[in-house]
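Visitor: give me a model of this one.
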Amino acid sequence: MTKLSAAMEPSKGATRFSDIIYEKIVGMIADGNFPVNERLPPESKLAAMFGASRPVVREALERLRTDGLVVSRKGSGSYVRQRPDSSMLKMVPVGSLADVQRFFEFRAGLEAEAAELAARNWQPEDRERIMAALQAIEECLRNGELGADEDEALHDAIAVATGNQFHITVREWFRPHFAVGHSVTRSLSLKRTPAQIRSVQDEHAVIVAAILARNEAEAHDAMKRHILNARARMFQGVD
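Guide: Reported below is the predicted structural model:
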């Protein structure tokens, strides 16, 4: 392994304590222990509950706010904004939920740039590959199948269409992370309404249309919206 590829490998170090606290609070919200619209315990009580310092708890709460699970009300504290489906926590390795969300943040920039570059550089064979991947997802929807591999194949095809080997290589380096994101979001989508499922495919269609029209700005923006929407959908309740 080269020094560069080793440096680019996902961190295998110890999970940050704030990430552990974050995941525990997400679990308690998902289980209904912290109900929607109710105030979370104050930082001092959460710190005592989890055996953590207040700065660590504060860092966990900040990520919860970023993810839209809690909202701060001035002078009143933090309140639960939405309750995610508890099955979501079973789909990611223990202690890695915060990193899954951080990877969506990374993807938003990376894949938006890839879509823009693909719009500029795609060749006829790329068009065929992209359209075949989009159609494969459509067939999965019709058959009620997960479609995680097909979803990933579409994003792979867009990376290939950039004509830039680094976009392709980065997807290979972080393949397990991409796979988790696609698997979780597709699995949760199967529990949603047909209209919600269709909206995800509509996002794909907008991205593909912009790329094939060589509309670089729209391809960039459509892909970024799609990735950030996928990130937000992880925490949307499905009841």
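Visitor: how far does the host helix or strand of Arg102 sit from its chain's centre?
Guide: Element membership of Arg102 [criterion: DSSP states H and E] is helix 97-121. Relative to its chain's centre, helix 97-121 lies at 10 Å (C-alpha atoms, centre = their mean, to the nearest Å).
Visitor: what about Ala48, neighbour count?
Guide: Counted by other C-beta atoms under 10 Å, the residues lying close to Ala48 total 13. Every residue, glycine included, has its C-beta placed from N, CA and C.
Visitor: so which strand or helix has it?
Guide: Using DSSP H and E, Ala48 falls in helix 43-50.
Visitor: that helix: which residues count as buried?
Guide: For helix 43-50, a neighbour-count test (16 or more other C-beta atoms under 10 Å) marks Glu43, Leu46, Ala47, Phe50 as buried.
Visitor: can you redo those residues as JSON lines with pLDDT?
Guide: Formatted as JSON lines, the buried residues of helix 43-50 follow (pLDDT from 0 to 100):
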{"residue": "Glu43", "pLDDT": "93"}
{"residue": "Leu46", "pLDDT": "95"}
{"residue": "Ala47", "pLDDT": "95"}
{"residue": "Phe50", "pLDDT": "94"}
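Visitor: for the record, mean pLDDT for the helix holding Arg102?
Guide: The pLDDT scores in helix 97-121 average 95.
Visitor: from the contact counts, what lies against it?
Guide: helix 17-30, helix 148-161, helix 165-173, helix 175-189, helix 194-212, helix 216-233 (3 or more C-beta pairs under 8 Å, 6 or more residues apart in numbering; DSSP states H and E).
Visitor: mind checking the pLDDT average for the fifth one?
Guide: Per-region confidence: helix 194-212 scores 92 on mean pLDDT.
Visitor: kindly report the same for the last one.
Guide: Helix 216-233 shows a mean pLDDT of 95.
Visitor: what's the answer for the fourth one, then?
Guide: Regarding helix 175-189, the rounded mean pLDDT is 85.
Visitor: which elements pack onto that helix?
Guide: Other helices and strands packing on helix 175-189, by 3+ C-beta pairs under 8 Å, 6+ apart, are helix 87-90, helix 97-121, helix 148-161, helix 194-212, helix 216-233.
Visitor: hmm, who's touching the helix or strand that Ala60 is a member of?
Guide: Using DSSP H and E, Ala60 sits within helix 54-66. The contact list for helix 54-66, computed with C-beta atoms under 8 Å, 6 or more residues apart in numbering, reads 17-19, 21-22, 25-26, 40, 43-44, 46-47, 50, 70-72, 78, 98, 101.
Visitor: ChimeraX command for the buried members of those residues?
Guide: A single ChimeraX command selects the buried members of those (16+ other C-beta under 10 Å):
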select :17,18,19,21,22,25,26,40,43,46,47,50,70,78,98,101
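Visitor: separation between the residue nearest to Asp126 when sequence neighbours are not counted and Val71?
Guide: Nearest residue to Asp126 in three dimensions, chain neighbours excluded: Ala161, at 3.8 Å (C-beta to C-beta, 6 or more residues apart in numbering). Distance from Ala161 to Val71, counting by C-beta to C-beta, to the nearest Å: 39 Å.
Visitor: please apply the same query to Ile137.
Guide: 34 Å.
Visitor: cool, Ala48 as well?
Guide: Distance of Ala48 to Val71, given as C-beta to C-beta: 23 Å.
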